[in-house]
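Student: sequence? don't have it. structure:
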């Protein structure tokens, strides 16, 4: 069963406000993989574990219709508040039991969500609903982001960030396996997918400029910090305030609205269902 996290309304709102969606370039890599043997036009994409929908909207212009699913009513409520694309439908359901017909889907995506699923059951469900020669795309990124700021030592800046990541590491869910991020979990999934036509990429940088306050909002939206916040709100708030002050000190600025460069490292699995499966 999908782990039921990120379901509070405030947390869902922070997802929409702060989370960094895949770049257009990264989405195009997925579409290029799909188009190698399938060819267009593309009928149906399904975005599983869509959260507040930032990734879903990137698919809408490439498909006749998109179905976005999530187990959290709060996340779907936020997604619907921001929905502009008429060809997107949102459905509340678990990732392992999708309300879709066998062999009906051109592309199934899970963007920063697959690690929370019952992974073997989800992969079976993906196999069931995908059309032959169509594709599964599993995307995620690491919490260890890199900051940059003009005339500032990036190494010093990122040492402060690393201390934040290290401080929340003990609160990381055991469902995600050992280590500081879930990349090994995705590697294992890649090896377990029996399709001969598949692709693994563990380094696609997506860069954004944002206020320092938004960077802090982003890292505070991660499950490890949210766990600390539930267990010890005072400790979590003190940690966030301390890191914020230290980052401003290194940058020699006094406002959390100062723009900073944020680089996020994505990794992904692309896998094509065989013509005869």
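Tutor: Right, received. Where do you want to start? A quick note: this is a predicted structure, and the numbers were derived from the prediction, not measured. Numbering: from 1, shown residues only.
Student: Every contact and neighbour count from this point should use C-alpha atoms.
Tutor: Will do.
Student: for the stretch 151-277 of the chain, what are the low-confidence residue spans?
Tutor: Scanning the stretch 151-277 of the chain with the threshold set as pLDDT under 70 gives 177-181, 277.
Student: Which residue ranges of it form helices?
Tutor: Secondary structure of the stretch 151-277 of the chain (DSSP state H, counting those that start in this stretch): helices at 154-168, 183-192, 212-220, 223-231, 233-251.
Student: Next, the buried residues of the longest one.
Tutor: Using 16 or more other CA atoms under 10 Å as the burial criterion, the residues of helix 233-251 that qualify are 236, 239, 240, 243, 244, 247, 248, 251.
Student: what's stretch 142-151 in contact with?
Tutor: With CA atoms under 8 Å, 6 or more residues apart in numbering as the test, stretch 142-151 has contacts from 154, 157-158, 161-162, 165, 181-183, 219, 222, 251, 260-266.
Student: For residue 35, see how far away the most centrally placed residue in the chain is.
Tutor: The centroid of the chain falls nearest to residue 112 when counting by CA atoms, centre = their mean (2.4 Å). Computed with CA to CA, to the nearest Å, the distance linking residue 112 and residue 35 is 23 Å.
Student: that older thread, which one of the helices of the stretch 151-277 of the chain lies nearest to residue 28?
Tutor: Closest approach to residue 28 among the helices of the stretch 151-277 of the chain is made by helix 183-192 (20.2 Å; CA to CA).
Student: Who are the packing partners of the closest one?
Tutor: Helices and strands in packing contact with helix 183-192 are listed as strand 259-272; criterion 3 or more CA pairs under 8 Å, 6 or more residues apart in numbering; DSSP states H and E.
Student: Off-centre distance for the strand it packs on?
Tutor: Centroid separation between strand 259-272 and its chain, computed with CA atoms, centre = their mean, to the nearest Å, is 9 Å.
Student: repeat for stretch 118-131
Tutor: 19 Å.
Student: Stretch 29-40 too?
Tutor: Centroid separation between stretch 29-40 and its chain, computed with CA atoms, centre = their mean, is 21 Å.
Student: first to last residue in that stretch, what's the distance?
Tutor: Termini of stretch 29-40 sit 15 Å apart (CA to CA).
Student: Stretch 37-51 too?
Tutor: End-to-end span of stretch 37-51 (CA to CA): 30 Å.
Student: what's the distance between residue 233 and residue 169?
Tutor: Taken as CA to CA, the span from residue 233 to residue 169 is 16 Å.
Student: do residue 39 as well
Tutor: 43 Å.
Student: And the strands in this structure?
Tutor: For the chain, the strands defined by DSSP state E cover 42-48, 63-70, 88-92, 105-111, 130-141, 146-148, 198-211, 259-272.
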